[in-house]
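[1] Attaching a predicted model along with its sequence, questions to come.
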Amino acid sequence: MKQFSKAGGRGRVGVRAHARAKKVKIAPEIRAYVRKIDAYRAGRNPIPIMKAAPAKLERAVAGLSAVEMRRRPARGKWSIVEILGHLNDTEFVYGYRWRLSLGEPRSPIAGYDQAAWTDMLRHRRANAKRLLAQIRVMREANLDMVLRTGRAAWKRYGVHSERGNESVRRGLELVAGHDLSHLDQIRAIRKKYGW
């Protein structure tokens, strides 16, 4: 891969300049989603929430069979194993976003179609134990990397295609709330079926 200097050349420099120039209009449904996720975190520090999440997920699914994990609570709703697959994707996506924001601030950050990933990556057929192990390892690696950079660097940001400027700190807050939201979703499925 060809490297380009910050002072000149083609490639990333032009992309960053374009990202700074473009103002992102945030849709009402995106604002509502972010408010919902923030409500789960309720202003708490995201790091302890994120550190605790893998163990909480393991406890939340303990004792469930593969058949139970694959059962969808309603048409068009994800099963528990699909939620775990989505959380695994989230860890991968945010790990990349944080690295991009820290290493190349103001870079564009693409949104992604979570439902399409869940379908196309066939999360419903995944092994829940493997997903939980992957989530744990990636979470530890991502937190290690973010914490190593120091809190002052968390102000660095990328330009999200749907939410505009999004700092590393803001991403941590969103992931922490997202974890809690999906833990509630898993518990609600268990409650619905009496598991």
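    Received the coordinates, thanks. Residues are numbered from 1 along each chain as shown.
[2] All the helices of the chain, in order from the start?
    12-21, 28-41, 46-61, 66-70, 80-103, 114-120, 128-149, 168-193 (DSSP state H).
[3] chain center to the shortest one: distance?
    By that I understand helix 66-70. 23 Å (Cα atoms, centre = their mean, to the nearest Å).
[4] what is the mean pLDDT for it?
    Averaged across helix 66-70, the pLDDT comes to 98.
[5] now stretch 151-161
    Here the average pLDDT along stretch 151-161 is 97.
[6] which residues are in contact with it?
    The contact list for stretch 151-161 (Cβ atoms under 8 Å, 6 or more residues apart in numbering) reads 19-20, 22, 24, 97, 100-102, 105-111, 146, 165-170, 172. C-beta: built from backbone N, CA, C; applies to glycine.
[7] Please indicate which of those residues are buried?
    The neighbour-count test (16 or more other Cβ atoms under 10 Å) applied to the contacts of stretch 151-161 identifies 19, 24, 97, 100-102, 105-109, 146, 165-170, 172 as buried.
[8] Ranking helices and strands of the chain by mean pLDDT, which lands last?
    Lowest mean confidence among the helices and strands of the chain (mean pLDDT, DSSP states H and E): helix 12-21, at a mean of 46.
[9] you'd agree R41 is up against A176?
    Yes - if you go by Cβ atoms under 8 Å, R41 and A176 touch, sitting 5.1 Å apart.
[10] more neighbours, those two?
    Shown here are R41 and A176; by other Cβ atoms under 10 Å, A176 has more neighbours (24 against 20).
[11] list the contacts for the closest residue to A176 other than its chain neighbours?
    In space, and not counting its chain neighbours, A176 is closest to P46: 3.5 Å by Cβ to Cβ, 6 or more residues apart in numbering. Residues in contact with P46 (Cβ under 8 Å, 6+ apart) are L172, E173, V175, A176, G177.
[12] Share the number of residues neighbouring the second one, please.
    It stands for E173. 22.
[13] Show the pLDDT at the residue nearest to A176.
    For P46, the predicted pLDDT is 98.
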